[in-house]
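> My questions concern the predicted model and sequence given below.
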Amino acid sequence: MSFSILFGDKVVRLSDGRLMYFDRWGCSNDNAGRTKDEYRARIFTDDSFKVLAESYKRDPDDYTEIKIRSRLATMHDLGEHLITMLKREVPVAQALADHKIYGKVTDGVEVLINNGTRREYTPEGWAKDWAKVVYHNGEVETRYRSHFIYDEQELIEAVENKLSVQFHVE
């Protein structure tokens, strides 16, 4: 039987008073979430974060098995964990200054097909068409164009605009 694993999370206090919550989830039977650049980020107010934590604590199926880092837990335990993480929040200026958080934004994908044809894709377009391209052309070479973001405002915009971002959090 497989179960979800919370490999890591961090709460960062933004300069405007909101919270940015980074979490890295995976599953016990695959390798998703096991590297430090697989975090997702969500922005909350204090109240909405507490509502999220309380919703896990009220889960009627308290026997749902998950793992929080290496220990077996229930959804109630996850709610308690989120409250604890809120108490351990880190100011965004400190996290950015120490290079504890940054984002890698994928701008596009360049695909070189065996016959020498070169195609450009957006990250969303490549995610949608990759199987068709590989099926019709066999092996292809891909190059991802990306840039790094180390600025608070750029991180917020990336999350709010749902850009294709890989967050690295330590």
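Received, thanks.

> Skipping adjacent residues, who's closest to Pro91 in space?
Spatially, and ignoring its direct neighbours in sequence, Pro91 is nearest to Arg13 (5.2 Å; Cβ to Cβ, 6 or more residues apart in numbering). Heads up, the C-betas are built off the backbone N, CA and C, glycines and all.

> Could you check how far that neighbour is from Val165?
20 Å (Cβ to Cβ, to the nearest Å).

> Look at the two and report which has more neighbours.
Per other Cβ atoms under 10 Å, whichever of Arg13 and Val165 has more neighbours is Val165, with 22 against 18.

> just checking, what packs against the lengthiest helix in the chain?
The longest helix of the chain (DSSP state H) is helix 123-137. Here helix 123-137 touches strand 101-113, strand 140-149, going by 3 or more Cβ pairs under 8 Å, 6 or more residues apart in numbering; DSSP states H and E.

> Pick the most buried one from those.
Most buried of the helices and strands packed on helix 123-137 by mean neighbour count (mean count of other Cβ atoms under 10 Å) is strand 101-113; its value is a mean of 18.

> For Phe7, what is the enclosing helix or strand?
strand 4-13 (DSSP states H and E).

> roughly how far apart are the residue of the chain positioned farthest from its centre and Val12?
Distance from the centre of the chain peaks at Asn115, with 35.9 Å (Cα atoms, centre = their mean). Applying Cβ to Cβ, the value for Asn115 to Val12 is 47 Å.

> rewinding a little: enumerate every residue touching the residue farthest from the centre of the chain.
Asn137 (Cβ atoms under 8 Å, 6 or more residues apart in numbering).

> Dump the helices and strands packed on helix 123-137 into a markdown table; add mean pLDDT and distance to Phe22 as well.
Listed next are those as a markdown table, based on pLDDT from 0 to 100; distance: least, Cβ to Cβ, whole Å:
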| stretch | mean pLDDT | distance to Phe22 |
| --- | --- | --- |
| strand 101-113 | 90 | 7 |
| strand 140-149 | 91 | 14 |
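
> Reformat these as CSV; add distance to Lys36.
Formatted as CSV, the helices and strands packed on helix 123-137 follow (distance: least, Cβ to Cβ, whole Å):
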stretch, distance to Lys36
strand 101-113, 11
strand 140-149, 14
